[in-house]
Structure formats: C-alpha cells, structure tokens
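Participant: A structural model of the following input is requested.
(2 chains)
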Amino acid sequence: MPSERRLHPVSLLFNLGSVLGQLFFPAIVFLFAARSADSAVNLVALAVMSVLAAAVAIGRYLTFRYRYEATELIVRSGLLFRTVRHIPYERIHNLDARQNLFHRMLGVVEVRVETGAGAEPEATLSVLPRDALDEMRRRVFGLLAENAVATSAGPAGRGTSLLELSPGELLLAGFVENRGMVLIAAAYGVLWETGALENLLERTVGNTAWSESVARRVQTSLGSGGGLPLDGILLGLAALAGLLVFVRLLSMLWAVIRLYGFELTRDGDDLRADYGLFTRVVASIPLRRVQTLTVRENVLHRLFGRAAVGVATAGGAGAAARTRRPREWLAPVIRKPRVPGLVGEVLPELPLDQVAWQPAAPGAFWRAFRRRLAVSGLIGLAVLLLVRAWWALAVPLALGAWALVAARLHVKHLGWAMTGTAVLFRRGWLSRSLTVARLGKIQAVELEESPFDRRTGMASLLVDTAGATEAHRIRIPYLGRETAGTLLRGLAAEAAGRAFEW
Amino acid sequence: MDATAPTEPASVADGELHVLDPRLVPLRRTTGWIAVALVTAGTGSFLLPLLLFGNLAGPAHAVTLATWILLTLSLAVLLQVWPPIGYRYASYRVGQEELEIRRGVLWRRILKVPRSRIQHTEVSQGPLERRYGLATLGVYTAGTDHARVSLPGLEHGLARRIREHLQPRDGADAV
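Facilitator: Modelled structure (predicted):
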C-alpha cells in the first residue's frame, strides 16, 4: 500500500514564521498602545500568544500527511477539524512550485496544487524537499502524458526551450508594462498601516501652502482670463514627469526581480515557466488545460516590436487576480515575429497568420462615432461653461476631431474569425489584443441586443470560457444581427458536440 | 399546463420555445409590493421625523413631501407594470443538446448553454415561489460570466423534469 508522507521537517520553521508574522503587527500595536501601566501583563499575554502560535505551527506540521494512490493524491490535515482531501491526478491543472530565499537556502519548495475549482489552490504543501517535487510532478503529470519517459528523464534542462528572457528584455518588459504603480500602491498600504506615511508627508512636503497657492493662482487667472502662473505650472509638470520616470524605473526593477532568468520550456504536453530572482517559481501548465490565449500589444510594445502572450487556465484565476500576480502570462515580452511560433506550440491546429478576419458590421463606425461624439460634446460643453473664453472653443472642436479619428480606427481594428477549431476576437487600436478560445472550451454563448443595437440591426456576442479575466474576455460588439444569430447557433452547436476537457 | 404535468417526462426536451409560467407575474408583483413597502419604511423612517419635527421652511416642506410621495408612487407603479412586460420577453427552450434562455426588455439577451458544459444543476424554491407553486432552475457551468445560469418562473414539477434532463450523466463527458 502507498505509504503516507510528511512535509519536510523545516516546515516547522516556516509554519512558525508565518504564524509569528501574522502576530507581528498586532503585537507591535499591543505593546505600544499600553506602554505605561501593566506592561508585565502585556508581556505575559504576548508570551502566551507566542506559545500558542508555536503549538499551532507544530500541530499543523504533525497532522499534515499526503500520499499517492493509483489515481489520486490524498492530503490529510487538521487536528481538531480533520480534513481529508482526495484530488484525482487528472483533475490537477497546475503544479506551481515557489522557492523564496529561505526555501532556497534550505533546499525545499512550497508546492501549490490547483484544480479547475475556483480561486483557491486545492492544496498547498509547504514545504517539501526538492526531489519530492520531482516525484510529484512525475506521478501527477506522468500519468497524464503518454510520453512519461520524457518527463522523468531528469531534473532541470529537459524539454525544448521556447523562450528565454535576458535581463535586457526584462528591463524592456518592465518599461513597456508599467507595473510600478502597483508597487507604489503596495508600499502606500504598508506605510499607511504603520502610520509612517503621515510623518513622511509632513517632513517632505512640510506645509501644503505652496501647492494651495499655485492652485489658487491658476484658478484666479483662469477666471480673469489673464496670464497663467507659468513657473508654478512648469514646476508641477516637472514634478509629475519626475514621478512618472521614477515609477517606470521601479517597474523595470520589479520586472527584473520578479522574472529574472525567465525560461519557458515545453516538456511533452506541458508548458513550464521558471522565473524569479529571489523567489523562484516553477509553474507547469498542461497544454490541454489552456482555455484561452491572448496576445497583447500596447503602444510601447509596438514601438519596440514586442508583444505579450498569455493563457488563461481554469484554476487559480481568481487567486492570481487577487494577488495581482498574473502568473498565466506565457511570455511577458516577446519579439513580434516570434509570436506565431509560440502560439503554434500552444494551439498547433491554428495558424495565426492565415486567419480570415471578419470586420464589424457596416454601420459600426457611425455608432462608435456617435458614442464618442456625445462624450466629447459633454466634456466640451463643460469646458466652455467653465472657461468662457473664445479659445476654449478649440476644446470641443479638437475633441470632435479626435472622436472621428478614434471611432474610425477603433472599428477598423475590430475583428472576429471562426475557424474549424477556435473562435478569435481582436480589438483595440492603440492597445491591441487578440484572444483565441478553442471551441471545446466554450462554456456558454450569449447574444445581446441593446436598444442601440436594435435600431441599427446589430448585436454583440459574448463567448464565455473558464477563467476569463478581463484580458481574456471575448465580447464581440457591432455584429450584424443575422451574423450574430448564426454565430450563436454555430458556436453553441460546436461546443455541445465536443466533450469539455477542462 | 397543469394538465401536462404528470405525463411523459421525456417531453421536456422538445426543442420548442416556451413561455414561462404565467404565475410569475403575480409573484413578481408581490415581490414588488414587498420592495415598495421596505423602501417606504426605510425612507419614511428618516423623512417623516424630518418633516414633522424639522424646521424646514414652508415650500421646502411641501416639495420634499411631494417628491417623496411621487417617487414612491412611481416605484410602486413601475413594479406593477413591469412584470407582464418582462414576462412577454422571457422564454426558454430545452433541446436535446442545449438549454436556451431569452430575456430582457431593453437589453435583450439570448443565452445558450450546451448540455455537455453543465457541471451540476439545482432546483430551488423560495417561500413566495412555494406559494405560487413555482421554482427556479439553476445551472452551473465552468464559465466566468455565466458560472451560474438561473431560469426562474417554472412550475415546480416541470423545473424538476428539466433538471433531470439536463443533469450531467456519468461518463457523458470526460473531464
């Protein structure tokens, strides 16, 4: 019979660390809140809490067992509330291994097992020895893939490498995809929580009189129609520019730290991504689990001839969205000419460059234009009412011209296509994206007619898939009503005819 | 429709468009009355003291009172008028391979869920629904926007028969 296994003994340390980490902030607050009177009582309370924490950590370690059955992984945990989890191998979508600095020093990994069921990982095994991970991968994916030989050939370096990113490319990725604001928001949160922010603001900005005075001068000069306080505005603009540059630099630095040594390999029927400078992550995605694939290009991507390619899987989408860690991106940055090749690895049945794209319905431009015109009209009117000067007329005019150009280009870049195996949707003019959903992964199809649609004989079509976050959503607008109806019936019939394989 | 209830369970998958049970209209109206009562109680609990004991000037007093009555009345009227309109635009179709649901008056939607994508199904009945002999059919998929698809306004027995038909069968799809 298969024997039960335990976690690596150093799990105790990590458990203790995480429990104490959760206690850290409350403890600090606790200590500082009552600094005077009964500090002895507080100390005792803290000691009791620490002992309890240690007990919890030890209990977690001692009760956590897992074992491999013929077709499923069984995880038992809990002392008071006992849980036994049966996870069939064929339901496992991802095996993610993470190693932070401490894990790496001790030669252990944290493993997350994800199935198609929603946001949380099905099981988190923290922590396992390295070779236990290799064994798990062999057992879980080895059973799935017919070519189990390739999988068990040996540790690192097997499979074919699809993409490697040099530090230079990563810097570029960080520059192109601005994630610096996320970092700032996180830092802000921490500072806010510890109350350090107020001190910092007080020291750096001092009094707020300066910014107030600039604002007032702008206001008065706008009202009187006189000259603007150029010095103040320039200074403000310079500060803004400085901040933007700083955020970009931060984003670049973060990209290098997060994705250092990024390598995407194909290993039989699995894709594997290895990355991370301090925390190493090894994420495996079986190819057949890929629900949708998206190619994104923003303005900077296009300027540098790059794109980003991502896939959505059914498992863990919610968790990834919550922690703002879009693990599902296949290629954080890739040269444009290599995109079809990479897509071909994931969707071999779909030659991306031979797709016959269908345009939006003929009346689409007018609808897109009218919509933008209404918005720019409102903004223009507001500006006119606020400023009341002849030059302000230029604002609505410029906005109107912009509406014309933007509507034209937006509609021009809308497109959809249906091949024998997949439905494709592309949109966007400045920032472009192209999403592919395999017919077998379609969950539901919906046709929607807004009142505007009905007046112009159009409809939009929503193709629902598992794990479709905003970036992966297929919602085709401005379709002719007939076309939309045909697509609705066709896609639903195609999906019904194919067994869903998660 | 009560006449067809006990006979031939296979006939639910006839592939025809059906209207919902007409008892959905009084059910929705009752729900509407309850909503109006709750809203009136909620807004009244702070407006009435203000009107009775607050020191609002003459016209402000009258305007507030009139606005309140007008808004409450229009809500009540809307919630009585809307159910039959919504009912007219709602229908469903159960085919061998899919479930189709149509609804929406201003924004009209046609949703198709292939049977092979249904993970599990449920029939639920709230206290009001029970009074009217109605039930809501819930269908779960692995999708994102349509992870749960619900079809309210079915006669309870019919809802259960549709559920029986849509219920995924063992081995029907290899997950």
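Participant: Please read off the pLDDT at the most centrally placed residue in chain B from the model.
Facilitator: Nearest residue to the geometric centre of chain B (C-alpha atoms, centre = their mean): residue B:152, 4.9 Å. pLDDT for residue B:152: 95.
Participant: Quick one: name whatever helix or strand follows the helix or strand of chain A with the lowest mean pLDDT.
Facilitator: In chain A, the helix or strand scored least confidently by mean pLDDT, DSSP states H and E is helix A:148-151, which has a mean of 37. Later in the chain than helix A:148-151, the nearest helix or strand by DSSP states H and E is strand A:160-164.
Participant: Can you list the buried residues in that following strand?
Facilitator: Under the neighbour-count criterion of 16 or more other C-beta atoms under 10 Å in any protein chain shown, strand A:160-164 has A:162-163 buried. Where C-beta positions appear, they are placed from N, C-alpha and C, glycine not excepted.
Participant: and if you look at stretch B:149-167?
Facilitator: Neighbour counts over stretch B:149-167 (16+ other C-beta under 10 Å) mark B:149, B:151-163, B:165-166 as buried.
Participant: give me phi/psi at the nearest residue to residue A:358 once chain neighbours are set aside?
Facilitator: The shortest distance from residue A:358 to any non-neighbouring residue, by C-beta to C-beta, 6 or more residues apart in numbering or on different chains, is to residue A:416 (5.4 Å). Taking degrees, to the nearest 10, you get phi -140, psi 160 for the backbone angles of residue A:416.
Participant: Residue A:416 reaches residue A:425, doesn't it?
Facilitator: Yes: Residue A:416 is within contact range of residue A:425, at 5.1 Å (criterion: C-beta atoms under 8 Å).
Participant: shared neighbours, those two?
Facilitator: Overlap of the contact sets of residue A:416 and residue A:425 (by C-beta atoms under 8 Å, 6 or more residues apart in numbering or on different chains) consists of residue A:476.
Participant: re the thing from before, you'd agree the residue nearest to the centre of chain B is up against residue B:134?
Facilitator: Yes: judged on C-beta under 8 Å, residue B:152 makes contact with residue B:134 at a distance of 7.4 Å.
Participant: quick one on the thing from earlier: most widely separated two among the buried residues of stretch B:149-167?
Facilitator: The largest separation in the buried residues of stretch B:149-167, counting by C-beta to C-beta, is between B:149 and B:157 at 20.5 Å.
Participant: the strands in the stretch 351-500 of chain A, which residues?
Facilitator: A:415-418, A:422-427, A:432-438, A:442-449, A:458-465, A:474-480 (DSSP state E, counting those that start in this stretch).
Participant: ditto for the stretch 151-300 of chain A
Facilitator: Per DSSP E, counting those that start in this stretch, the stretch 151-300 of chain A carries strands over the ranges A:160-164, A:263-267, A:270-275, A:280-286, A:290-297.
Participant: Tell me the strands beside the fourth one, with direction?
Facilitator: Strand pairing for strand A:280-286, determined by DSSP bridges: strand A:92-99 (antiparallel), strand A:270-275 (antiparallel).
Participant: which of those has the lowest average pLDDT?
Facilitator: Averaging pLDDT over each of the strands paired with strand A:280-286 puts strand A:92-99 lowest, since it has a mean of 81.
Participant: Next SSE downstream of that strand?
Facilitator: Past strand A:92-99, further along toward the C-terminus, the next helix or strand under DSSP H and E is helix A:101-106.
Participant: Give the residues shared as contacts by residue B:152 and residue B:134.
Facilitator: residue B:24.
Participant: sorry, back to before: just the strands of the stretch 151-300 of chain A: most buried one?
Facilitator: Most buried of the strands of the stretch 151-300 of chain A, by mean neighbour count (mean count of other C-beta atoms under 10 Å in any protein chain shown): strand A:290-297, with a mean of 24.
Participant: Does anything pack onto whichever helix or strand residue B:84 is part of? Which helices or strands?
Facilitator: Per DSSP H and E, residue B:84 falls inside helix B:58-88. When contacts are defined as 3 or more C-beta pairs under 8 Å, 6 or more residues apart in numbering or on different chains; DSSP states H and E, helix B:58-88 sits against helix B:24-53.
Participant: Output the contacting helices and strands for the helix it packs on.
Facilitator: Right, helix B:24-53 is packed against helix B:58-88, helix B:127-132, strand B:148-155 by 3+ C-beta pairs under 8 Å, 6+ apart.
Participant: and the angle for that helix with helix B:58-88?
Facilitator: 170 degrees (axes from the mean of the first three to the mean of the last three C-alpha atoms, to 10 degrees).
Participant: Any idea how far helix B:24-53 is from the middle of the chain?
Facilitator: Here helix B:24-53 shows a centroid-to-chain-centroid distance of 20 Å under the convention C-alpha atoms, centre = their mean, to the nearest Å.
Participant: Check stretch A:176-194 too.
Facilitator: Remark: stretch A:176-194 is offset 16 Å from the chain centroid, using C-alpha atoms, centre = their mean.
Participant: in that stretch, what's buried?
Facilitator: Those would be A:176-180, for stretch A:176-194 by 16+ other C-beta under 10 Å.
Participant: Mind listing residues that contact stretch A:62-77?
Facilitator: Under the criterion C-beta under 8 Å, 6+ apart, residues A:2-7, A:11, A:60, A:78-79, A:82-90, A:92, A:113, A:123, A:125, A:136, A:139-140, A:143 lie in contact with stretch A:62-77.
Participant: if you set the cut-off to 10 Å instead, what comes out?
Facilitator: The contact list for stretch A:62-77, computed with C-beta atoms under 10 Å, 6 or more residues apart in numbering or on different chains, reads A:1-7, A:11-12, A:15, A:59-60, A:78-80, A:82-92, A:111, A:113, A:122-126, A:128, A:132, A:135-136, A:139-140, A:143.
Participant: Could you tell me which of the residues you listed belong to strands?
Facilitator: The members of the contacts of stretch A:62-77 that map onto strands under DSSP state E are A:5-6, A:83-88, A:92, A:111, A:113, A:123-126, A:128.
Participant: which of those count as buried?
Facilitator: Looks like the ones in strands among the contacts of stretch A:62-77 have A:5, A:87, A:92, A:111, A:113, A:123, A:125-126, A:128 buried, using 16+ other C-beta under 10 Å.
Participant: Could you save those residues as CSV and add columns showing distance to residue B:87?
Facilitator: Converted to CSV, these look like this (distance: C-beta to C-beta, whole Å):
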residue, distance to residue B:87
A:5, 59
A:87, 45
A:92, 46
A:111, 53
A:113, 47
A:123, 47
A:125, 53
A:126, 54
A:128, 58
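Participant: Return the closest of these with respect to residue A:278.
Facilitator: Minimum distance to residue A:278 across these is 17.1 Å, recorded for residue A:126 (C-beta to C-beta).
Participant: residues contacting that closest one?
Facilitator: Counting by C-beta under 10 Å, 6+ apart, residue A:126 touches A:7-8, A:11, A:14-15, A:18, A:60-61, A:64, A:98, A:103, A:108-112.
Participant: how close does the nearest residue to residue A:338 once chain neighbours are set aside sit to residue A:289?
Facilitator: Once flanking residues are discounted, residue A:338 sits nearest to residue A:163: 7.7 Å by C-beta to C-beta, 6+ apart. Remark: distance between residue A:163 and residue A:289 (C-beta to C-beta, to the nearest Å) = 19 Å.
Participant: I am finished for the moment; much appreciated.
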